[in-house]
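Student: Next comes the sequence, and after it the predicted model I'd like to discuss.
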Amino acid sequence: MIDQRKAEQKKHPKAFSHRIKNQAPEIKHRVSPGGRSQIINHQEDREKTKKKRYSGQQEKLTHGLQYSIFPRLFLRLFDDLIRCLLWGAETVAGCYNTVAMEKQEGKLHIGLLLAGGKGTRFGGVLPKQYLPLGDKPVLAHSLLTMEQSFLDEILLICAAGDEEWCRKHILSPYSGGKSRLLPLGGKERYASVLNGLNSLAQMEVPPDYVYIQDGARPFLSLSLLENLRDAVLQYGGAVAATPSTDTIKVADGEGFVRENPARSTLFAVQTPQAFRFQGILEAYRRMSAEACPPAVTDDVEVYQRYTGAEVKLVVTDQVNIKITTPLDLTLAELLLDRYAEGNSSMK
């Protein structure tokens, strides 16, 4: 066979070299004696090497899963359980709820949604927070946003006698399970806030932070709540506000201009207003203990008057209006379409 190939190579050298050149590498090796057996062995070796390499990778992966991930996971769970037992948790489920809360900064955030006002400035039979805006009551708009937020619980404060209406028209159709009703609304706003704070103080685990929202502000957004959370965690007090677009004058009792503050320093304060719970609770209790409590219009004033603490302004847009007059409700109806269209981005 070899002699025949040599004779053919001498007779047609160019054709033979061209054929050899275009053959697979295995064919070239067949020219030498024993080449075929060597090729077969070489191919078998390559297959064995591939299988060995693949099985090695699989073994390494299995080894990693078996001796790296699972034991660490087991140790983490065991560590969490031991910590819970040391904390005196009553059940394993309670333990893991505590661990989950710790992973979320270990802080309890609760919202106070104020709906105890009678709407004397608005007029009419039904209080402004219960009036329809779009396809739901004004109050329901804020409640829905707070239900969807990071807040752990919402305390809805309504006037005594309004419980049934609120349960039927607000909580039943719009609550997602975070909200509970407190029919302890006071004659003034500050009394409703104080009643809500005292109720939270009686909880087995009082909140770390509280977010106070007027029920007559229907355009609350998730992004605003999150910005307030970031600010209150850092500063202890934070309030939604929008820069003043008007020039403001300070007048005396007879209606004469006495001060001309720089517009760049003026902000219209809104809600929510967020605080460390113990700080705002102490401030309200100190104010209520006075024989003649001062007339206050928002929670920041109470907080700073009785604690002296700083409050951070969180700038928001002018959509976050409060419905106080019939004109405000008309404006809110016009803004509702814009709010609905941009709600995903705003929130």
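Tutor: Perfect, thanks for sending it.
Student: How many residues are close by Leu139?
Tutor: 28 (other C-beta atoms under 10 Å). For every residue, glycine as well, the C-beta is placed using N, CA and C.
Student: And the one 10 residues further on, by the same measure?
Tutor: Counted with other C-beta under 10 Å, the burial measure for Ser149 works out to 21 neighbours.
Student: In contact with it, which residues?
Tutor: When contacts are counted by C-beta atoms under 8 Å, 6 or more residues apart in numbering, Ser149 is found next to Gly111, Leu222, Leu225, Glu226.
Student: one more time with 7 Å
Tutor: Under the criterion of C-beta atoms under 7 Å, 6 or more residues apart in numbering, the neighbours of Ser149 are Leu222, Leu225.
Student: Adjust the sequence numbering to begin at 21 for everything that follows.
Tutor: New numbering, starting at 21: the last item is Ser169.
Student: how far away is it from Met307?
Tutor: To Met307, Ser169 is 28 Å away according to C-beta to C-beta, to the nearest Å.
Student: Likewise for Cys178?
Tutor: With distances taken as C-beta to C-beta, Cys178 is found 23 Å from Met307.
Student: the more surrounded of these two?
Tutor: Ranked by neighbour count (other C-beta under 10 Å), Cys178 and Met307 place Cys178 first, with 29 against 18.
Student: The more buried one: which element?
Tutor: Taking DSSP states H and E as the definition, Cys178 sits inside strand 173-179.
Student: Name the residues of that strand that are buried.
Tutor: By neighbour count, with 16 or more other C-beta atoms under 10 Å as the criterion, the buried positions of strand 173-179 are Glu173, Ile174, Leu175, Leu176, Ile177, Cys178, Ala179.
Student: from the residues you listed, which is closest to Lys156?
Tutor: Closest approach between the buried residues of strand 173-179 and Lys156, by C-beta to C-beta: Leu176, at 14.6 Å.
Student: so that closest one makes contact with Ser195?
Tutor: No: applying C-beta atoms under 7 Å as the test, Leu176 and Ser195 come out as separate, 8.4 Å apart.
Student: hey, what's in contact with both of these two?
Tutor: What both Leu176 and Ser195 touch, as defined by C-beta under 7 Å, 6+ apart, is the set Leu163.
Student: Now do Gly154, the pLDDT please.
Tutor: pLDDT for Gly154: 93.
Student: dump the residue contacts of it.
Tutor: So Gly154 contacts Leu356 (C-beta under 7 Å, 6+ apart).
Student: Identify the residues contacting Glu353.
Tutor: Neighbouring residues of Glu353 by C-beta under 7 Å, 6+ apart: Leu153.
Student: does it sit in a helix or strand, and which one?
Tutor: helix 346-361.
Student: low-scoring stretches of the stretch 21-170 of the chain, by residue?
Tutor: Counting by pLDDT under 70, the ranges of the stretch 21-170 of the chain that qualify are 21-125, 138-145.
Student: how about 80 then?
Tutor: Applying pLDDT under 80 to the stretch 21-170 of the chain picks out residues 21-125, 137-145.
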